[in-house]
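Undergrad: what would the 3D arrangement of this be:
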Amino acid sequence: MAPNPQCAALAAAKEKKGLSYGQIAEKIGKPESHVVDICTGKSTPTTDEFNALARVLDITSPPPHDAAHTTKA
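TA: From the prediction side, this is the model:
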């Protein structure tokens, strides 16, 4: 079983959309393992990856300004 996302909003959006990590990965053009790593906080997403995840999951609210929601260049 895949781990839950670190971010509560991300977890709720993923559940609401009913998408698996594999489906999300396919939609953003990244490997499933990378999407899991981003969602669980193991890897830091680029700004483009973060925005792509938000777009796929219909997240429109800006993220909090904390360590869990930072991006890399």
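
Undergrad: tell me the gap between the helix or strand in which residue 15 is found and the middle of its chain.
TA: Assigned by DSSP states H and E, residue 15 belongs to helix 8-17. In terms of Cα atoms, centre = their mean, to the nearest Å, the centre of helix 8-17 is set 9 Å apart from its chain centre.

Undergrad: next SSE after that helix?
TA: Beyond helix 8-17 in the direction of the C-terminus, DSSP H and E gives the next helix or strand as helix 21-28.

Undergrad: the lowest-mean-pLDDT helix or strand in the chain versus helix 21-28: what angle between them?
TA: Taking mean pLDDT, DSSP states H and E as the measure, the helix or strand of the chain with the lowest value is helix 8-17, at a mean of 89. Counting by axes from the mean of the first three to the mean of the last three Cα atoms, to 10 degrees, helix 8-17 lies at 90 degrees to helix 21-28.

Undergrad: elements contacting helix 8-17?
TA: For helix 8-17, there is no helix or strand it packs on, judged by 3 or more Cβ pairs under 8 Å, 6 or more residues apart in numbering; DSSP states H and E. To be clear about C-beta, it is placed using only N, CA and C from the backbone, and glycine gets the same treatment.

Undergrad: what residues of that helix count as buried?
TA: Buried residues in helix 8-17, counted by 16 or more other Cβ atoms under 10 Å: 10, 13, 14.

Undergrad: nearest to residue 42, of those?
TA: For those, the residue nearest residue 42 by Cβ to Cβ is residue 10; the value is 13.6 Å.

Undergrad: got the contact list for the residue lying closest to that closest one once chain neighbours are set aside?
TA: Spatial nearest neighbour of residue 10, chain neighbours left out: residue 39 (6.0 Å); criterion: Cβ to Cβ, 6 or more residues apart in numbering. By Cβ atoms under 8 Å, 6 or more residues apart in numbering, residue 39 lies in contact with 5, 6, 7, 10, 14, 21, 53.
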